[in-house]
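Q: Pasting the sequence and the predicted coordinates here, then a few questions.
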Amino acid sequence: AQRVPLALIGGGVLLPAHKVDGEAKYHTNALSLKVQFTASGAVRMRTGWSEGEVAAAAWEAFAVEKPVTVPSGADGERTLYIELRDQCGLTRSYTSGVTVDTTAPSNGVLSTDAVLGADGKPYLSSKDGQVTVRVGAEDALSGVDGYRVTVDKAPTTEAYTVLPGSGSVVLSVGNTEGAHTIHADYRDRAGNVTAALTTEVNIDATGPTGTVAIVSKGGQTSSLYVDLTLAASDAGSGMREMMVSNDAAFAGAQWEAYVTARRWLLSDGEDGVRTVYAKFRDVLLNESAPGSATVDLITKGGLKGKVTLSGKSDHSGTTVGIAGSPTPVVTTSNGEYAFTGLKEGSYTLVLTHAGYREVQVGPLTVLAGEDTPVSDVVMSVSKGIITGKAMLAGETEHGGIIVSLNTPGYTTQTGSDGLYTFLDV
C-alpha cells in the first residue's frame, strides 16, 4: 500500500499549507479537522495521536477523507499517526504534523507619517491625499499570513495582503477636509485575526485667516518705527508663521514665527501714507490671503504767529527768519506768518523791519504733525542818537549848558568840553 497525505483542513477559516524551510507545515485554530488521503491498494485504515493510540485503534474501511479531533492542550505541534492495510494484510505507517495556534498575532503596528498640528491632532502633510502607513505584527507559532487596511470603515470583506518588506504602504485618504480613520487587522496562518487597529489622520488644505493693524494716534505717526497688532486663526492644523513686508509682493521678506505683536520699521522717504502687508501660514504651510494696514507718516511740523508794527495799520513786510536758516518768510498785511515742513526740534525766530527794532523770539519747540503757535509780537520803532557841541564864547570851560529837544522829555547838559548826547531819540 502507498499513501501520500495531502492536507489537513480545519474548521472555520480554511488555509492551504505553507512551505517552511521547504517542508509543508499545516496550521489550524480548530481542533476538529478532516484528513485527506490518497493511497493505492489500501482497504483498511486506522489513526491516532500517538503510536500507542494508533496501535490500539480499530481498523476501519479506507476513506479518502476522515474527520479527526486534535487533542486539546496548549498551542503547539501535534503528530497524527496513520496506518494503512491492503487486502493481503500488509501495512504501512505514516505520520503528519499539524500546528495548533489559537492566538491572534500580537504587537500590531498602525501609524502614519502625519504631522501633529497645534491642537495635537495628526494632519496629512501631503497635498495629494496620500499617506504613508506603517504596518506590521508578530506571531510566534504560525506566523503572520497577511493584513488588510481600509479608510473610514472597518475591514470586513477585503482580501488579506502579504505584509510589505518595507514595513509601510502608501494609502489614499482622499481630499475631503476633516478627520479620517484608518483601520487595519492582521491574520496568522492558522486563521486567527487581531482586533481592528485604528489611527486618525486629518486633512487641512485651507489656509488661515488673519489681519494686521498699525498702532497709531488718529491714523498718524511721527516715527518710522511703529507697533503692529497681528491676529490670525486656523480651523485646522493651527498657526505657525507669518510674513511682514513694506512691499505688496513681499520681496525679500522671510517667514517668521507667528506672534500677535511686533515692532516694525516703515519705509523711509518723504512724509505720506505708508502701507504694511502681512500674510500667515499654518502648520501644514497653507497660506492665507495677504492683508494690509496704512498709516500717515508725518515727521515734520510748523510755526505760525503774528507781528504788528507799532503805529501802523498795515503790518506787511516784516521779515521773519529762523536763526541759522537762509530762507525767511514775510508777514501779510495783517502781520501773519507761517513756517511748514520743519523737523522736530528747537527754533529761534529773528524778526526785522526797516525802521523798527530787531526782535528775537525763542526757543520754540516744533512737534511732528503740529503747528506750534507763537505769541504775538509788537515791533517798536527803532530809536537813534543825537550828539552835538555847545560852547560859551570867550570861555574855556563849556560844561553845564542846558540842551533840550522840541520833544518833551529830552533834556541834557554839556560836558566840560561842550559835548552832549541824546539816546533813544
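A: Everything's here; your move.
Q: The helix or strand hosting residue 135: which residues count as buried?
A: Per DSSP states H and E, residue 135 falls inside strand 130-138. Within strand 130-138, the residues that qualify as buried are 131, 133, 135, 136, 137, counting by 16 or more other CB atoms under 10 Å. (Glycine included, C-beta is placed from N, CA and C.)
Q: Okay, and the beta partners of the second one?
A: When bridges are taken as DSSP bridges, the partners of residue 133 come out as residue 112, residue 169.
Q: re the thing from before, hmm, who's touching the strand holding residue 135?
A: Contact with strand 130-138 is made by 105-114, 124, 144, 147, 149, 163-164, 167-173, 182, 184, 186, 194, 201, as judged by CB atoms under 8 Å, 6 or more residues apart in numbering.
Q: From those residues, which land in strands?
A: Among the contacts of strand 130-138, DSSP state E puts 106-112, 144, 147, 149, 168-172, 182, 184, 186, 201 in strands.
Q: Pull out the buried members of those.
A: Buried members of those, counted by 16+ other CB under 10 Å: 108-110, 112, 144, 147, 149, 168-169, 171, 182, 184, 186, 201.
Q: Give me the mean pLDDT for stretch 351-370.
A: In this model, stretch 351-370 has a mean pLDDT of 90.
Q: Give me the distance from it to the chain's centre.
A: Stretch 351-370 has its C-alpha centroid displaced from the chain centroid by 56 Å (CA atoms, centre = their mean, to the nearest Å).
Q: can I get the buried ones among the ones in strands among the contacts of strand 130-138 in a markdown table with pLDDT and distance to residue 155?
A: Converted to a markdown table, those look like this (pLDDT from 0 to 100; distance: CB to CB, whole Å):
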| residue | pLDDT | distance to residue 155 |
| --- | --- | --- |
| 108 | 95 | 13 |
| 109 | 95 | 15 |
| 110 | 95 | 11 |
| 112 | 93 | 16 |
| 144 | 93 | 15 |
| 147 | 95 | 9 |
| 149 | 95 | 7 |
| 168 | 93 | 18 |
| 169 | 93 | 14 |
| 171 | 92 | 12 |
| 182 | 95 | 10 |
| 184 | 96 | 7 |
| 186 | 96 | 10 |
| 201 | 95 | 17 |
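Q: And those, which two are furthest apart?
A: Across these, no pair lies farther apart than 144 and 201, at 23.9 Å, counting by CB to CB.
Q: Give me the pLDDT for residue 25.
A: The score at residue 25 is 68. That number is its pLDDT.
Q: ok, residue 33 to residue 80 distance?
A: The gap separating residue 33 from residue 80 is 9 Å, by CB to CB, to the nearest Å.
Q: From residue 375, how far off is residue 344?
A: On the measure of CB to CB, residue 344 and residue 375 end up 20 Å apart.
Q: Let me see the contact set for residue 125.
A: With contacts defined as CB under 8 Å, 6+ apart, residue 125 is in contact with 113, 114, 115, 284.
Q: Check residue 400 too.
A: Taking CB under 8 Å, 6+ apart, we find residue 400 in contact with 413, 414.
Q: Now it: phi and psi?
A: Taking degrees, to the nearest 10, you get phi 90, psi 0 for the backbone angles of residue 400.
Q: any idea what residue 53 is structurally, helix, strand or coil?
A: Three-state assignment for residue 53 (DSSP: H, G, I helix; E, B strand; the rest coil): helix.
Q: Excluding residues flanking it in the chain, which one is nearest it?
A: The spatial neighbour of residue 53 that comes closest, neighbours along the chain excluded (CB to CB, 6 or more residues apart in numbering), is residue 81 at 7.1 Å.
Q: so what's the most centrally placed residue in the chain closest to, chain neighbours aside?
A: Nearest to the mean C-alpha position of the chain, by CA atoms, centre = their mean, lies residue 240 at 1.5 Å. Leaving aside its chain neighbours, residue 240 sits nearest to residue 283 (4.8 Å; criterion: CB to CB, 6+ apart).
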